[in-house]
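A.B. asks: when you get a sec, could you give me coordinates for this:
(one chain, ligands or ions: 2)
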Amino acid sequence: MPYWICCNSCFNLPGPECQLAVASCGHVICNVCFQKGKQGECMICKAKCQVTPLSDKSSAEVKALFSDVNSVATKHFTEISKVLLFQARHQKRLLVHYQKRNEKLEEVLLKMKQEIQQMSKTITAQNAYIAKLESTLQHQRAENIEVDGRGLFRKPEISGSVQRLSISPPQDGCVINMKGDRELVSSTGRSRCLLQRTTGGGR
Ligand SMILES: [Zn+2]
Ligand SMILES: [Zn+2]
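C.D. replies: Numbers count the residues shown, from 1 in each chain. Ligands and ions are numbered 1, 2, ... in the order given. Reported below is the predicted structural model:
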């Protein structure tokens with residue numbers, strides 16, 4: 001029996017002559033003091049309460065109040081430790097899953113970035129091709145106007161050659177391949193392209 005358990009009135013320790021009981025108010029009283037008090041009332045706090053002898057037959061709730069704190073703590077810490085380990089294992093499993101998923105998403109992101117880079121290159125090449133086409137068209141228009149001014153008899157020859165002009169589009173979206181026997185320089189002098197006068201259309 002722990003050292004602190006004694007009668008709350010006379011402070012005698014439990015023994016053959018001092019049987020302890022616990023009241024529902026929480027006070028501990030010995031059989032001698034209990035006899036001095038009123039029936040159904042705690043002689044210390046005067047509250048109306050029931051008194052139960054303190055013994056091995058006491059309820060689990062009462063026993064728990066008098067149990068060894070160290071063993072209660074050990075029991076609870078063991079239980080807490082078990083729960084923590086169980087939960088940590090599941091949390092770790094979920095974390096690994098998220099990490100793997102994250103790695104996969106990063107791979108997808110990298111591929112998408114590379115595709116975007118490739119697309120940008122293609123767009124740049126296509127824009128350059130369009131610029132060359134526009135430049136060529138301007139030159140051809142200028143040439144037609146010039147020819148129209150010289151005379152009607154030469155018109156069919158020039159217009160016929162214009163209709164047969166062709167420019168190769170960018171191959172694989174990045175290389176501009178142009179072959180021909182005539183070179184045209186744009187008005188700014190920066191962009192040049194070779195035009196092919198095709199007769200059969202083949203290259
Ligand atoms: Zn007492
Ligand atoms: Zn009391």
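A.B. asks: for stretch 2-19, which outside residues touch it?
C.D. replies: 1, 20, 27-33, 43-44, 53-54, 66, 68 (Cβ atoms under 8 Å, 6 or more residues apart in numbering). Glycine gets a C-beta too; all of them are placed from N, C-alpha and C.
A.B. asks: do the same with stretch 24-41
C.D. replies: 5-10, 12, 14, 17-23, 42-45, 47-52, 54.
A.B. asks: ok, of those residues, which come out buried?
C.D. replies: 6-9, 19-23, 42-44, 49, 51, 54 (16 or more other Cβ atoms under 10 Å).
A.B. asks: next step: those residues restricted to helices.
C.D. replies: Under the assignment DSSP state H, the buried ones among the contacts of stretch 24-41 contribute nothing to helices.
A.B. asks: which among those gets closest to A131?
C.D. replies: V22 (99.4 Å; Cβ to Cβ).
A.B. asks: filter the contacts of stretch 2-19 down to the buried ones.
C.D. replies: Buried members of these, counted by 16+ other Cβ under 10 Å: L20, H27, V28, I29, C30, C33, M43, I44, L54.
A.B. asks: show me what the biggest helix by length in the chain is packed against.
C.D. replies: In the chain, with assignment by DSSP H, the single longest helix is helix 69-150. Applying 3 or more Cβ pairs under 8 Å, 6 or more residues apart in numbering; DSSP states H and E, one finds that helix 69-150 contacts helix 155-163, strand 182-185, strand 192-197.
A.B. asks: report pLDDT for I158.
C.D. replies: On pLDDT, I158 comes in at 48.
A.B. asks: can you give the domain ranges for this protein?
C.D. replies: The chain is divided into the following domains under automatic domain parsing: 1-66, 78-197.
A.B. asks: determine if any part of the first one is in contact with ligand 2.
C.D. replies: So the one you mean is domain 1-66. Yes. Contact of domain 1-66 with ligand 2 (Cβ under 5 Å from the ion) involves C25, H27, C42, I44, C45.
A.B. asks: ok, these vs L105, which is closest?
C.D. replies: C25 (64.0 Å).
A.B. asks: partners of G15 in the sheet?
C.D. replies: Beta-bridge pairing of G15 under DSSP bridges involves C18.
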